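A.B. asks: Give me coordinates for this.
(2 chains)
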Amino acid sequence: DARVTQTPRHKVTEMGQEVTMRCQPILGHNTVFWYRQTMMQGLELLAYFRNRAPLDDSGMPKDRFSAEMPDATLATLKIQPSEPRDSAVYFCASGLEGVTGRFFGEGSRLTVL
Amino acid sequence: QQPVQSPQAVILREGEDAVINCSSSKALYSVHWYRQKHGEAPIFLMILLKGGEQKGHDKISASFNEKKQQSSLYLTASQLSYSGTYFCGTATGTASKLTFGTGTRLQVTL
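C.D. replies: Numbering: from 1, shown residues only, chains lettered A, B, ... in the order given. The predicted structure follows:
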């Protein structure tokens, strides 16, 4: 059963620490997305990749966030340094552009103290 | 700009029908629909492309009126398992960027 896998599922850290979230997209999907979900802002797109190339990261605070896709089976989202306002659920999703919708991973719940 | 969903919340008895609307101020290329249960990831329901599509599976269907820049999700003979928050996501072009609405919370009761 193909699915998007995210790690870690839960992360509690202190302000100023580096946080790295990882995502394994569904094999064969050519687009990968990072979303952040909070009660106040809903689902926000942070970054997305097509064929591993970054296409849009306009939703991401560039001074502290970075997203990469070192290979087709791994996407990473890094926050350095983390701040309490970064506390949220971060979802990775993948899809086959023009063919499928977004298939979401189970999310990484981040709490920054 | 974020699409507007209505209603914000709805409570149904099992077996009743519901309609959730999604409106955009921009010309749309596609509309996606997702359902999210509390503490879980959004689940993809369906995608509609411009051309006035209507799609459906089981008792959940949707329509897309590109002239009005609107989409509607229809849930018929609702079941308890339909409870959750429904999101529409809209795209203005073939590129992959979706903008999600604020969601419609649906609760189905006995």
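
A.B. asks: going forward, measure contacts and count neighbours with C-alpha atoms only.
C.D. replies: Fine.

A.B. asks: Report the contact partners of the residue nearest the centre of chain A.
C.D. replies: The C-alpha lying nearest the average C-alpha coordinate of chain A belongs to A:W34 (C-alpha atoms, centre = their mean; 3.2 Å). By C-alpha atoms under 8 Å, 6 or more residues apart in numbering or on different chains, the contact set of A:W34 is A:45-48, A:77, A:90-93.

A.B. asks: what sits up against the helix or strand encompassing A:F91?
C.D. replies: Element membership for A:F91 (DSSP states H and E) is strand A:88-95. Identification of contacts with strand A:88-95 by C-alpha under 8 Å, 6+ apart yields A:4, A:6, A:23, A:25-26, A:29-38, A:101-111, B:41.

A.B. asks: next one: stretch A:49-58
C.D. replies: A:30-33, A:46-48, A:68-72.

A.B. asks: try 6 Å this time
C.D. replies: Contact with stretch A:49-58 is made by A:30-32, A:46-48, A:69, as judged by C-alpha atoms under 6 Å, 6 or more residues apart in numbering or on different chains.

A.B. asks: how far out from the middle of the chain is that stretch?
C.D. replies: 12 Å (C-alpha atoms, centre = their mean, to the nearest Å).

A.B. asks: now swap in stretch B:71-86 and tell me
C.D. replies: 9 Å.

A.B. asks: sorry, back to before: the residue nearest to the centre of chain A - nearest residue in space that isn't next to it in sequence?
C.D. replies: A:C92 (4.6 Å; C-alpha to C-alpha, 6 or more residues apart in numbering or on different chains).

A.B. asks: before we move on, what about A:R22?
C.D. replies: A:T76 (4.6 Å).
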